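*Asks:* Build me a structure from this.
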Amino acid sequence: MEKKYVLRIYQLLLAILLINPLLGQFVSNTTILRFCELLCLIYALYCVYRLFVIRKLVGYHGYLRGLLFLLFVISVEIVIRAQWPSSIKEVLLNIISPSQFLIYILPFLILFLPNGRYFDDILSFFYKASLFVIPLWLININNLVYIGTFEGEAIGALLPFFSAFLLGLLSRLSSKRQGYVTFLIWFVFFILMILNARRNVSFSLALYALIAYVVTVFSNIKRNPIKYFLIVVFSFFMLVTIQINMDKMTSGVFNNMAQRATLDTRSGVEELFFLDFFNSPIEDWIFGRGMNGGYLQKVVNESTGEVSDTRSVIETGYLNMILKGGLLYVLIILLIMFYTISKGIKTKRKEYIYITIILSTYLIDLYTTNPVCIYSVRSIIFWFIISVLNQVVISNNVYMFRRKE
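*Replies:* Okay, here's the model as predicted:
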């Protein structure tokens, strides 16, 4: 029963991500789609409640417990301070919006699940979830390369980040074939992002692969030194070959990425953010402006042509957290991250070392992108890692799952 509810919650979280991009291809009525997303969220909350009733949720203690309590308080404060619309329909839309209520309840849907106990089962689910990107790519095959916009990146709902995450955990999958499929999905998405000139996503995908490569080689080189020495030598010659042919590559297929490599598209947006906040009360810096708060910037809705003077999301994750919950929110998230990383670096199993390093990359990604502040595959992975690393304790080199009985 416990395992059933845990996996069901992840299935429902995935369904919320997929309903619009997958079913939206066949159902034109958006009200039906939003209603299905809302039902998935309600059902996920019910499953968490059932785990609470049968006393299977994780109980944290000490410093982390205090941090999670503060996270809950600031999350409630962010939601309450939102400018909620009077229309019930608009309220429900706000609840299932990826950047509004949903992202602030997500930590409490994941953190207290016994993820440590079902680590392999959840990884297996991540693999199965990543496969949904294949029909999404096939349905939108003519739009996979969409230069100059986010369209190409959005196709597939970032599901390949499950594959990128699993690159360092291939030994935990049930077969080598799953490992090959995982690598293939990552590789195809990586190439697509380069062709689409999506610099931040390409960087993150490459970084995940590099971390997986280093951790795998160093953890296995003692077992089979000749094999992994040859792998390192082959990798070195591959890098040299790429470097020698870099000019040809950047002037040909990857020309768009080369042109955008040094293009600054972020400073102007950030300057508008700081210009607005520097002329705002100190309370905005400390507590933010609430769930749907925004800053002064002219925005044009491409679908309707409507012009607004306020932008409710900024691409820089740290600034987006300040926008919604202020410096207090940023501080709490960072303290949770640093505490979790400090636990992870003390482990000796390569799986935990790997996910600890992946968690550390979010410190970079929160400047370049918005992986925690918007509901997506990346935010699910973020809270999953934090949950797992805090549910294992070291005792005589045995990793024990800590839970509240």
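
*Asks:* What segments of the protein are strands?
*Replies:* Listed in chain order, the strands found in the chain under DSSP state E are 295-300, 307-311, 392-395, 398-401.

*Asks:* The second one pairs with which strands?
*Replies:* Sheet partners assigned to strand 307-311 using DSSP bridges are listed as strand 295-300 (antiparallel).

*Asks:* mean confidence for the partner strand?
*Replies:* Over the span of strand 295-300, the pLDDT mean works out to 78.

*Asks:* wait, Lys298 sits on Leu272?
*Replies:* No: counting by C-beta atoms under 8 Å, Lys298 sits too far from Leu272 to count as a contact (9.1 Å). In short, each C-beta sits where N, CA and C put it, glycine included.

*Asks:* Comparing the two, which residue is more hemmed in?
*Replies:* Applying other C-beta atoms under 10 Å to Lys298 and Leu272 shows that Leu272 carries more neighbours, namely 16 against 10.

*Asks:* what about the closest residue to the more buried one other than its chain neighbours, neighbour count?
*Replies:* Distances taken as C-beta to C-beta, 6 or more residues apart in numbering put Gln297 closest to Leu272, at 4.7 Å, once the chain neighbours are dropped. Close neighbours of Gln297, defined as other C-beta under 10 Å, add up to 17.

*Asks:* Could you do Gly24 as well?
*Replies:* Look at Gly24: counted by other C-beta under 10 Å, it has 14 neighbours.

*Asks:* Same check on Phe26?
*Replies:* The burial metric for Phe26, expressed as a neighbour count using other C-beta under 10 Å, is 7.

*Asks:* Ramachandran angles for it?
*Replies:* Geometry field for Phe26 lists phi and psi as phi -120, psi -20, criterion degrees, to the nearest 10.

*Asks:* so how far is Asn20 from it?
*Replies:* Going from Phe26 to Asn20 by C-beta to C-beta, to the nearest Å gives 12 Å.

*Asks:* Ser376 contacts Pro160, correct?
*Replies:* No: proximity of Ser376 to Pro160 does not meet the contact threshold set by C-beta under 8 Å, at 11.8 Å.

*Asks:* Compare the two (neighbour count), which wins?
*Replies:* Set side by side, Ser376 and Pro160 show more neighbours around Pro160, with 24 against 21, by other C-beta under 10 Å.

*Asks:* nearest residue to that one other than its sequence neighbours?
*Replies:* Take Pro160 and drop its neighbours on the chain: the residue closest to it by C-beta to C-beta, 6+ apart is Phe189, 3.6 Å away.

*Asks:* so what's the one you found up against?
*Replies:* With contact taken as C-beta atoms under 8 Å, 6 or more residues apart in numbering, Phe189 is in contact with 133, 156, 160, 163-164, 205.

*Asks:* Could you do Glu77 as well?
*Replies:* Residues 287, 325 are the ones in contact with Glu77 under the rule C-beta under 8 Å, 6+ apart.

*Asks:* Helices - which of the contacts of Phe189 land there?
*Replies:* In helices, judged by DSSP state H, the following of the contacts of Phe189 are found: 133, 160, 163-164, 205.

*Asks:* Relative to His61, how far out is Ala82?
*Replies:* Going from Ala82 to His61 by C-beta to C-beta gives 32 Å.

*Asks:* Oh, that last question was meant for Leu109, not what I typed.
*Replies:* When distance is defined by C-beta to C-beta, Leu109 is 21 Å away from His61.

*Asks:* neighbour-wise, which of those two wins?
*Replies:* Neighbours of Leu109 and His61, each counted by other C-beta under 10 Å, are more numerous for Leu109; the result is 20 against 10.
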